[in-house]
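> Below are the sequence and a predicted model for it; my questions follow.
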Amino acid sequence: MAQLIAGAGATEVRVHEARVIAEAQMELQRVRRLRLERLAHPSLVKKAMTLKDLRDLIKFVEANVADEWEQMAIVQRADEDLLPDAEPGLEYKIEAIIRSFQSLDRYERRALSKRKFAIRRFKAG
């Protein structure tokens, strides 16, 4: 990547600056890939019922279930899917996830800054 950035016949200094740019770019790619992997983790991807899904279910139940008490029970069970399950220690897990993403954000900002200054030095040289 550094050779592509520096171009053919580049000086040693120019290749070094291009290498710094390439390293920063690779760091950015790593942190962004890691963020996507963490976002795709099964514990974060649980598909909850949306409000639209609930409205559609209510319409269907009203049209097909005669007993009003049965209608309410079906809708109430479905309504529980709108909220995440309350599990022990959930707040600590959420805090850990937030801290993890915050550290990724800091790492990404440092890599962006490193790349920006390397590009400036590269252009100046």
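Alright, I've got the coordinates.
> Name the nearest residue to M26, sequence neighbours excluded.
M1 (7.4 Å; Cβ to Cβ, 6 or more residues apart in numbering). No exception for glycine: its C-beta is placed from N, CA and C like everyone else's.
> Go ahead and confirm that neighbour touches V20.
No. Between M1 and V20 there is no contact under Cβ atoms under 8 Å: 11.2 Å.
> okay, those two: which has more neighbours?
V20 (18 against 12; other Cβ atoms under 10 Å).
> downstream neighbour of the worst-scoring helix or strand of the chain on mean pLDDT in the secondary structure list?
Lowest on mean pLDDT, DSSP states H and E among the helices and strands of the chain sits helix 68-79, with a mean of 70. Where DSSP states H and E defines the elements, the next helix or strand beyond helix 68-79 is helix 90-124.
> quick one: that following helix to chain centroid distance?
13 Å (Cα atoms, centre = their mean, to the nearest Å).
> in it, what's buried?
Neighbour-count burial for helix 90-124 flags 107-108, 111, 114-115, 118-119, 122 (criterion: 16 or more other Cβ atoms under 10 Å).
> Now do the same contact list for the residue nearest to M26.
18, 22, 25-26 (Cβ atoms under 8 Å, 6 or more residues apart in numbering).
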